[in-house]
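K.L.:
3D, please:
(one chain, ligands or ions: 1)
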Amino acid sequence: MVNIANKDTHTFYNFLPSNRVLRKMGLFSDQDGILRRYLNEGRNWQSHLENTKQVIVDFIEQKSAKEISILGSGWMLDIPIRYLADTMDKVIFYDLRHPRGIRDKYARYSKFHFIEMDLTGGLIQLAYSLGRERKKKPDVVSEIESAIPATKNLSEPGTDFIISVNLLNQLDILIVDYLKRFYTLDEEILVRIRKYIQLNHLNILRPKHSCLITDVSEMHLNDKDEVTDTLPLVFCNLPAGSQVREWVWKFDTQKTYHSACTTNLLVKAFYL
Ligand SMILES: C[S@@+](CC[C@H](N)C(=O)[O-])C[C@H]1O[C@@H](n2cnc3c(N)ncnc32)[C@H](O)[C@@H]1O
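P.N.:
Residues are numbered from 1 along each chain as shown. Have a look, this model is predicted:
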């Protein structure tokens, strides 16, 4: 069993690897990439960002929520910040890293709190350790499946209501992409890992108290704007009955994500 405890790993809230590990795994540059892509795409992202904000506002209104946790807040591009500042008593933002500019910008809002943690409950540190221990040929899937589930670490997020914002499939993509650097893993194994990570995330979203916004599939388009193929991004069942909206996010119109095609994402929102 790989030991995922290190001096930077704490129980409960602060399951966070060191900056060195996060940097080596490319997680900071991945977050920076989101901002870069947003600046390049400009207006193409606008309707997606507005739709996400509206779903969040509608959820809060419907629940009359006064305290809320937002998971995956990042650059806050898709968060209705002014609304939250005006109407909420307490907002806790969770991410691996809250960029310095974001923290500084909102430092004077005493009702905003920023917590940096690995929302998979420690699997980032585990993936890093597995990468380093590849010569011992550990069983990657059982190591991941027997790791402490995220539910234990986020069972009390600090507020009654939780909103997961365009985060669900980032949780598995970042870990799986890292593992692929060191291991040749069958597609079936990769899907099992993705499913495990995503199910863990769904488990922390308490029924009737949570909103989930996530891209569910990636569509590739040719020069005539026709969809040529579609890749799934979610590997567990999402409760269809609780879906409230869906829309298409024009994610990459400049062929920088895939050089052969442009990419749209299908996004769905759920009040769980
Ligand atoms: C696609 S972004 C969501 C958009 C974000 N709301 C914004 O406006 O930048 C995903 C966010 O999830 C964060 N993230 C990815 N994996 C994470 C993890 N295991 N724990 C916590 N945050 C994570 C990333 O750092 C990033 O800020």
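
K.L.:
CA atoms for contacts and neighbours, from now on please.
P.N.:
Noted.

K.L.:
export only the CA atoms of stretch 72-92, formatted as CSV.
P.N.:
C-alpha atoms of stretch 72-92 as CSV (Å, rounded to 0.1, in the frame of the first residue of the first chain):
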residue,chain,number,x,y,z
GLY,A,72,-14.0,24.4,-8.0
SER,A,73,-14.2,28.2,-7.9
GLY,A,74,-10.8,28.8,-9.6
TRP,A,75,-10.8,32.1,-11.4
MET,A,76,-14.5,32.7,-10.5
LEU,A,77,-15.3,33.2,-14.2
ASP,A,78,-18.6,31.3,-13.8
ILE,A,79,-19.5,32.5,-10.3
PRO,A,80,-22.1,35.3,-9.7
ILE,A,81,-19.8,37.1,-7.3
ARG,A,82,-21.7,40.4,-7.0
TYR,A,83,-24.9,38.4,-6.2
LEU,A,84,-23.2,36.3,-3.6
ALA,A,85,-21.6,39.4,-2.0
ASP,A,86,-25.0,41.1,-1.8
THR,A,87,-27.2,38.3,-0.6
MET,A,88,-25.2,35.7,1.3
ASP,A,89,-24.1,35.5,4.9
LYS,A,90,-21.3,33.1,4.3
VAL,A,91,-19.6,31.7,1.2
ILE,A,92,-16.8,29.1,1.3
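
K.L.:
any part of that stretch near the ligand?
P.N.:
Yes: using CA under 6 Å from any ligand atom, we find that stretch 72-92 touches the ligand at 72-78.

K.L.:
among those, name the ones in helices.
P.N.:
Counting by DSSP state H, no part of those is found in helices.

K.L.:
dump those to JSON lines, plus neighbour count, distance to Thr52 and pLDDT.
P.N.:
Output for those, formatted as JSON lines (neighbours: other CA atoms under 10 Å; distance: CA to CA, whole Å; pLDDT from 0 to 100):
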{"residue": "Gly72", "neighbour count": "23", "distance to Thr52": "13", "pLDDT": "97"}
{"residue": "Ser73", "neighbour count": "24", "distance to Thr52": "12", "pLDDT": "98"}
{"residue": "Gly74", "neighbour count": "23", "distance to Thr52": "14", "pLDDT": "98"}
{"residue": "Trp75", "neighbour count": "19", "distance to Thr52": "14", "pLDDT": "98"}
{"residue": "Met76", "neighbour count": "16", "distance to Thr52": "11", "pLDDT": "98"}
{"residue": "Leu77", "neighbour count": "17", "distance to Thr52": "10", "pLDDT": "98"}
{"residue": "Asp78", "neighbour count": "20", "distance to Thr52": "6", "pLDDT": "98"}
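
K.L.:
where does the prediction get shaky in the stretch 101-250 of the chain?
P.N.:
Scanning the stretch 101-250 of the chain with the threshold set as pLDDT under 70 gives 148-156.
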